[in-house]
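**Student:** Fold the following for me, if possible:
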Amino acid sequence: MDKDRKEIDFARRLADPNKTKRDRALKKLNEWLAFQSSKPPGFDEMDMMRVWKGLFYSMWMSDKPSVQEQLANQLANLIYTFHDSEQSFQFIKTFFLTMQREWTGIDRLRIDKFYMLMSIFLRESFCFLKKHEWDQGLCDSFATFLADGPLNVKAQFVSLGISLHVADKFLGELLSVADSKLTFDLFNVLLQPIYVLAANCQSAALLDNICDCIFKPLLELSEDVPLQIDFSLIAENLFTVAADTLTRAKNRRALYALREMFLTQITPDDVVVIESPAKKRRHNSDVPGSGDSATVDDDISVNYRRSKRLQASSSSPLPSPQMKLNFDSISVDGRKKKSSKTPVLKKKRIIRFSGKHYKAYEPIGKKKFVVSTLSPGKSLLKNKDPGPLSPLEKRRRRIRARLNAKLD
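**Tutor:** Residues are numbered from 1 along each chain as shown. This next block holds a predicted model:
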């Protein structure tokens, strides 16, 4: 009971508007966590959640960018305060649980510093795994938690913003702390929640983020990174996930396209596009190396083997730059993105009888009209059906009929 009271007291002091009092409370909290974690039974999940409640509002009260970054590093370094790895891992889990619980209450003026806090905390989480020499059990536990927590798109309590940010920073933060002890097998274990997320996510933006920030950069890793990537194993994992019956159809196309890139070990700039507006067989003399006729689809083909056959049979070294693949206009599943232009409206004048006047409606945009009142003598109103009366006009006519009946 005394421990519960102490945690609540720390939470209140960490949320104090005065920065000096907050710094003093954080320093005492660091010492108290180290002392309390050394005594059995240590901290459970509820104790950690109470502590993180105060730490969250301590970050909430920070104003200047330099102060926010310093505080974020201090909060992330609290991972190493505990005496055993189990409580440190529990501290990491409760941080992400707290962010999921409080995310919807963060306004747009404070969202950037919490993005920064998540990035720093994700990097320190990988540093924690590195400190324990990438222990197999810890890596499995961390991957399982990511799959069930911040990267679980099926859970209603997980916000899309958290999943987007974690997927965006995952590979960069992991490679920034990677060393020679991180084998590809352990790296593949940490990638397992990413495979599941790519198969089940319903957001096109999240799927694009996974492909552009995780899988495609793996094809372009520099030699300075102490990690040997097994492209065939990643391609096999992508095929296994894509072939699952529970995988969404749009995600399956994207995963198959990524698998093709890993099998051939190519970069996105080496893919050649064959594009045509019609779906028919015709003579395609402008494509280097094509025969008398070629089958041309509406969709953009990103088949690497076809591009290689075209280059091999062509006398010219490479197709023209206009035929290079522009990844800004192509979605991750290899299909051309739809145009964002608004459709042209057919301008049709509508004339209606409002009960007293005829009104003309001129469309000028989507659900936008210019209304003008027409006099009964205009030629536009000749042979026009006034249409049904409005409820207000019907009521007026009933009242007028009753008054006329009483006068008579």
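
**Student:** any low-confidence regions in the stretch 51-200 of the chain?
**Tutor:** 156 (pLDDT under 70).

**Student:** again, only this time at 90
**Tutor:** In the predicted model, the stretch 51-200 of the chain carries pLDDT under 90 at residues 63-64, 83-85, 104, 108-109, 148-149, 152-160, 179-180, 200.

**Student:** show me the contacts for residue 106.
**Tutor:** Counting by Cβ atoms under 8 Å, 6 or more residues apart in numbering, residue 106 makes contact with residue 114. Bear in mind the C-beta positions are built from the backbone N, C-alpha and C, glycine included.

**Student:** That one and residue 159, how far apart?
**Tutor:** 10 Å (Cβ to Cβ, to the nearest Å).

**Student:** same question, residue 212
**Tutor:** 21 Å.

**Student:** ditto for residue 60
**Tutor:** 17 Å.

**Student:** Ok, residue 59 next?
**Tutor:** Shown here: residue 59 relative to residue 159, a distance of 17 Å by Cβ to Cβ.

**Student:** Comparing those two, which residue is more hemmed in?
**Tutor:** residue 59 (19 against 16; other Cβ atoms under 10 Å).

**Student:** and residue 107, that's in a strand?
**Tutor:** No. Judged by DSSP: H, G, I helix; E, B strand; the rest coil, residue 107 forms no part of a strand; its state is coil.

**Student:** in the one helix or strand residue 20 maps to, what's buried?
**Tutor:** Taking DSSP states H and E as the criterion, residue 20 maps to helix 19-37. By 16 or more other Cβ atoms under 10 Å, the buried positions in helix 19-37 come out as 22-23, 25-26, 29, 32-33, 36-37.

**Student:** What is it packed up against?
**Tutor:** helix 2-14, helix 45-61, helix 65-77 (3 or more Cβ pairs under 8 Å, 6 or more residues apart in numbering; DSSP states H and E).

**Student:** Next, format those as a markdown table and append distance to residue 403.
**Tutor:** Listed next are the helices and strands packed on helix 19-37 as a markdown table, based on distance: least, Cβ to Cβ, whole Å:
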| stretch | distance to residue 403 |
| --- | --- |
| helix 2-14 | 73 |
| helix 45-61 | 67 |
| helix 65-77 | 74 |
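
**Student:** quick one, which of those is packed in tightest?
**Tutor:** Comparing those on average neighbours per residue, with mean count of other Cβ atoms under 10 Å, the densest one is helix 45-61 at a mean of 19.

**Student:** Please identify the helix or strand for the spatially closest residue to residue 61 that is not a sequence neighbour.
**Tutor:** Nearest-residue entry for residue 61: residue 17, 6.1 Å, with adjacent residues in sequence omitted and distances by Cβ to Cβ, 6 or more residues apart in numbering. Element membership for residue 17, per DSSP H and E: none, as it lies in no helix or strand.
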